[in-house]
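J.: make a model of this:
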Amino acid sequence: MKLTFLLSVLLLGRTFAQNVVTVAVNAPDLFSTLLELVIAGELDETLRNADDITVFAPTNEAFGKLHQGSINLLRTGPWKKHLQNLLLQHILPVEVPSSAITDGLTATALNEEEIKLT
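T.: Numbers count the residues shown, from 1 in each chain. I've put the predicted structure just below:
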């Protein structure tokens with residue numbers, strides 16, 4: 001799973017000169033579940049217009065390891081705030097090149113939680 005996240009950071013951070021939503025749309029084999037959740041959480045326009053962010057983007061493979069019922073629950077209206085919080089926990093408000101991401105790096109995500117990368 002760690003390799004999957006690192007690959008996603010590389011794909012979203014440097015390989016494309018596009019916004020996060022466009023990258024996900026253009027790579028449905030990798031990011032269709034993430035895109036569905038971003039839309040369900042009503043963060044698609046926010047991410048489409050965001051500059052200088054880093055997204056730790058879970059791939060479809062990573063989502064496949066989670067209980068499908070939990071993912072389906074997050075798509076429902078009453079859970080939207082939880083979904084938004086979960087998604088924002090995977091976004092840094094600054095652009096961090098993949099070469100700067102090291103084991104133990106700490107940062108504050110957009111949901112204002114301190115995260116530690118391992």
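
J.: quick one: the most far-flung residue of the chain relative to its centre and residue 61, what's the gap?
T.: Computed with CA atoms, centre = their mean, the residue of the chain farthest from its C-alpha average is residue 78, at 20.9 Å. To residue 61, residue 78 is 28 Å away according to CB to CB, to the nearest Å. C-beta coordinates here come from the backbone N, C-alpha and C atoms, glycine included.

J.: okay, buried residues for the top helix by length along the chain please.
T.: Ranked by number of residues, the top helix in the chain under DSSP state H is helix 28-40. Within helix 28-40, the residues scored as buried using 16 or more other CB atoms under 10 Å are 30-31, 33-35, 37-38, 40.

J.: quick one, helices of this protein?
T.: Under DSSP H, the chain gives helices at 2-10, 20-26, 28-40, 44-48, 60-64, 68-74, 80-88.

J.: these: which one's closest to residue 116?
T.: helix 2-10 (12.8 Å; CB to CB).

J.: so which residue is smack in the middle of this structure?
T.: Residue closest to the mean C-alpha point of the chain, counted by CA atoms, centre = their mean, is residue 57 at 3.3 Å.

J.: that residue and residue 103: what is the separation?
T.: On the measure of CB to CB, residue 57 and residue 103 end up 19 Å apart.

J.: got it, and residue 82?
T.: The gap separating residue 82 from residue 103 is 28 Å, by CB to CB.

J.: equivalent analysis for residue 31, please.
T.: In this view, residue 31 and residue 103 are 24 Å apart by CB to CB.

J.: returning to what we had before: would JSON lines of the buried residues of helix 28-40 with pLDDT and distance to residue 19 be doable?
T.: Listed next are the buried residues of helix 28-40 as JSON lines, based on pLDDT from 0 to 100; distance: CB to CB, whole Å:
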{"residue": "30", "pLDDT": "94", "distance to residue 19": "16"}
{"residue": "31", "pLDDT": "94", "distance to residue 19": "13"}
{"residue": "33", "pLDDT": "94", "distance to residue 19": "18"}
{"residue": "34", "pLDDT": "94", "distance to residue 19": "14"}
{"residue": "35", "pLDDT": "94", "distance to residue 19": "12"}
{"residue": "37", "pLDDT": "94", "distance to residue 19": "17"}
{"residue": "38", "pLDDT": "94", "distance to residue 19": "11"}
{"residue": "40", "pLDDT": "94", "distance to residue 19": "18"}
